[in-house]
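S.K.: with the sequence up front, the predicted model follows.
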Amino acid sequence: MAATPQNPASAPRRKVSRHRGEGQWAMGHFTPLNGNEQFKKDDDGLNVRTRIETIYSKRGFDSIDPNDLRGRMRWWGLYTQRKPGIDGGKTAILEPEELDDKYFMLRVRIDGGRLTTQQLRVIGEISQEFARGSADVTDRQNIQLHWIRIEDVPEIWQRLEAVGLSTTEACGDTPRVVIGSPVAGIAEDEIIDGSWAIDEINRRYIGSKEFSNLPRKFKSAISGSPLLDVVHEINDIAFVGVAHPEHGPGFDLWVGGGLSTNPKIGVRLGAWVPLAEVPDVWAGVIGIFRDYGYRRLRTRARLKFLVADWGAEKFRQILEDDYLDRKLVDGPAPAEPVSRWRDHVGVHRQQDGNFYVGFAPRVGRVDGATLAKIADLAEAHGSGRVRTTVEQKMIVLDVTEDQVESLVEALEALDLTARPSTFRRGTMACTGIEYCKLAIVETKQRGSTLIDELERRLPEFDEPLTININGCPNACARIQVADIGLKGQLVLNDAGEQVEGFQVHLGGALGLEAGFGRKVRGLKVTSEELPDYVERVLRRFQAERQDGERFAAWASRADEEALS
């Protein structure tokens, strides 16, 4: 018997949805596709400053609109910090309002890592007066303060801006700090000084609504150092100093690098950019990101995903044809870095015959009083300039030869060594569970303790080595590109109890054979076992390495038993 045709009027309707793409503005997809895009469309993040100054700082924390509190306030360098006493097992379970403390982290933007002693002293004073003495030097050359009350923010801004500092777009879906060689215009071996371009990008674009609503954050790097000292491979855009055989010193252009949970090494566009054109090219690349970036899913909203889908050739073509209206000059790739250490630690001669002295705080942690003392020491030794690096280190510039040893000794007295062990020099840590709402484990104290243990156990170890400690999977401490990368997570100890620990990545690198570390199946280490594990692996490396072999190369070829 034939089936009876169904009455179309009574048949259930199939919902027909119009494909909205990836939320790319240039493709006509302007409808906000998630809550972050909605609050940015409702009001530009830069506008929140007025509300902070006129409403929130006067009425207090509880008066802050949630979309400002956990969204737009980032445009001015403010994140709520983690409420004390919440363990890592609750990080992914609790609602944001349950994790929020009524205090903020405030990020001071330091483009190129450049500070005067006056500016450093002001940051130190703000730390002591408003931030319970807290201060961390980050791996993007900024300084972060904690325990900031909303009531104090306008006064803090006033003091920072009086000495030429700001927190503008230090966080948020914006062009973040432009990192640069901390010895730009100083080092004897510099290929080209990119300082002018960093200043011009700031003058033209930072705080401008032209680029204040991006799909996600945008990280920039500019350096003319042969040390390749700004981790250019993992920035959204990087200008790397090179000498063109016909046109002279300029920059090689890289785009689409980034880490987090989906790491990608940036790609060369094969283009040589003269210093005078860097700001225009930077604006072209960030313009592509603004217009073509994927806004539908936050997990795919970084430039690296667009670059991966388009490829270098298409990206360069659109940059040239639609954003620059001219062709870029083909150019050479950068040479390999001249040293395996790229942090400028130690005593080095400047172009002018003076010296700069780079020194190592413990995993970037300092405090307000120490920052003020560094400013005092620099001035007492004839310097008015200091620098921060992308390795959580600091530098005093312009020291005369007869003052160098005195400065080194004075820094040592503050536990700020210019002659650090491999472990003090190479260990880096993110903020961790102490303050960060995303973290699962503690990092700063763990890193400091690890340094002490390894110095005691392996006092003769002097091979360059990086140990990067991260409190969660988001890779703020660049775990995938460290010799030993430690990703915080909860693990089971021998008693079957859930405790703080790390997944281990081994053999990552930047510069020389850039690539991501190897994960050994099932290799997880509790925090308490960490010194034992690192000592064991390093002793095996010493026993098995071939002549001149780097740790990363050994880790990539070693069998899993040697790495466990």
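M.R.: Yep, that arrived.
S.K.: and the gap between Ser195 and Glu188?
M.R.: Applying Cβ to Cβ, to the nearest Å, the value for Ser195 to Glu188 is 16 Å. From N, CA and C alone the C-beta is placed, and that goes for glycine too.
S.K.: the more surrounded of those two?
M.R.: A side-by-side neighbour count of Ser195 and Glu188, using other Cβ atoms under 10 Å, places Ser195 first with 19 against 11.
S.K.: against Val137, how distant is the more buried one?
M.R.: Taken as Cβ to Cβ, the span from Ser195 to Val137 is 20 Å.
S.K.: so where is the stretch 401-550 of the chain shaky, pLDDT-wise?
M.R.: Along the stretch 401-550 of the chain, the parts satisfying pLDDT under 70 run over 512.
S.K.: would you map the helices across it?
M.R.: Counting by DSSP state H, counting those that start in this stretch, the stretch 401-550 of the chain has helices at residues 404-413, 422-426, 444-457, 530-544.
S.K.: CSV please, covering those helices and showing mean neighbour count and distance to Ile150.
M.R.: Output for the helices of the stretch 401-550 of the chain, formatted as CSV (neighbours: other Cβ atoms under 10 Å; distance: least, Cβ to Cβ, whole Å):
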stretch, mean neighbour count, distance to Ile150
helix 404-413, 16, 36
helix 422-426, 22, 37
helix 444-457, 18, 25
helix 530-544, 17, 37
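S.K.: for the residue nearest the centre of the chain, give me its contacts.
M.R.: What sits nearest the mean C-alpha location of the chain, by Cα atoms, centre = their mean, is Arg140, with 4.3 Å. Applying Cβ atoms under 8 Å, 6 or more residues apart in numbering to Arg140 gives the contacts 176-177, 179, 219, 390.
S.K.: Asn235 too?
M.R.: Neighbours of Asn235 in contact, by Cβ under 8 Å, 6+ apart: 179, 219-221, 254, 257-258, 266.
S.K.: tell me the pLDDT of it.
M.R.: For Asn235, the pLDDT comes out at 98.
S.K.: now it: how far from Ser166?
M.R.: From Asn235 across to Ser166, the span is 21 Å (Cβ to Cβ).
S.K.: where exactly do the helices run in the stretch 151-300 of the chain?
M.R.: Using DSSP H, counting those that start in this stretch, helices in the stretch 151-300 of the chain cover 153-162, 195-205, 278-292.
S.K.: just those: most buried one?
M.R.: Of all the helices of the stretch 151-300 of the chain, helix 278-292 has the most neighbours on average by mean count of other Cβ atoms under 10 Å, namely a mean of 21.
S.K.: could I get the helices of the stretch 401-550 of the chain as JSON lines with distance to His146?
M.R.: Shown next, in JSON lines, are the helices of the stretch 401-550 of the chain (distance: least, Cβ to Cβ, whole Å):
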{"stretch": "helix 404-413", "distance to His146": "24"}
{"stretch": "helix 422-426", "distance to His146": "23"}
{"stretch": "helix 444-457", "distance to His146": "11"}
{"stretch": "helix 530-544", "distance to His146": "25"}
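S.K.: wait, which of those is closest to Arg59?
M.R.: Across these, Arg59 has its closest neighbour in helix 444-457 (33.4 Å, Cβ to Cβ).
S.K.: give me the angle between that closest one and helix 530-544.
M.R.: Put simply, helix 444-457 runs at 40 degrees to helix 530-544, going by axes from the mean of the first three to the mean of the last three Cα atoms, to 10 degrees.
S.K.: who are the packing partners of helix 444-457?
M.R.: Helix 444-457 is packed against helix 422-426, strand 427-429, strand 467-470, helix 530-544, with contacts defined by 3 or more Cβ pairs under 8 Å, 6 or more residues apart in numbering; DSSP states H and E.
S.K.: and the contacts of the shortest one?
M.R.: Judged by Cβ under 8 Å, 6+ apart, the contacts made with strand 427-429 from elsewhere in the structure are 139, 363-364, 391-392, 443-444, 446-447, 450-451, 466-470, 477-478, 482.
S.K.: same deal with the longest one?
M.R.: In this structure, residues lying in contact with helix 530-544 by Cβ under 8 Å, 6+ apart are 446, 449-450, 453-454, 457-458, 461, 465, 467, 484, 486, 502, 504, 506, 525, 551, 554-555, 558, 562-563.
S.K.: now that helix: how far from the chain's centre is it?
M.R.: 28 Å (Cα atoms, centre = their mean, to the nearest Å).
S.K.: again, but for the second one
M.R.: Its chain's average C-alpha position is 13 Å from that of strand 427-429, according to Cα atoms, centre = their mean.
S.K.: tell me which strands that strand pairs with, and in which orientation.
M.R.: strand 467-470 (parallel) (DSSP bridges).
S.K.: which residues are contacting the partner strand?
M.R.: Contacts of strand 467-470 (Cβ under 8 Å, 6+ apart): 363, 423, 426-430, 432, 443, 446-447, 450, 476-479, 481-488, 502, 534.
S.K.: now do the contacts for the closest residue to Asn47 other than its chain neighbours.
M.R.: Distances taken as Cβ to Cβ, 6 or more residues apart in numbering place Arg72 nearest to Asn47, at 7.4 Å, with adjacent residues excluded. Applying Cβ under 8 Å, 6+ apart to Arg72 gives the contacts 39, 43-45, 47-48, 172.
S.K.: now swap in Leu324 and tell me
M.R.: 280-281, 284 are the contacts of Leu324 under Cβ under 8 Å, 6+ apart.
S.K.: okay if I get these as JSON lines plus distance to Lys437?
M.R.: Below are the contacts of Leu324 laid out as JSON lines (distance: Cβ to Cβ, whole Å):
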{"residue": "Asp280", "distance to Lys437": "38"}
{"residue": "Val281", "distance to Lys437": "36"}
{"residue": "Gly284", "distance to Lys437": "35"}
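S.K.: was I right to think Ile286 contacts Glu210?
M.R.: No - look at Ile286 against Glu210 with Cβ atoms under 8 Å: they stay out of range, at 9.0 Å.
S.K.: right, and the helices of the stretch 401-550 of the chain - which one's nearest Lys373?
M.R.: Of those, nearest to Lys373 by Cβ to Cβ is helix 404-413, at 8.8 Å.
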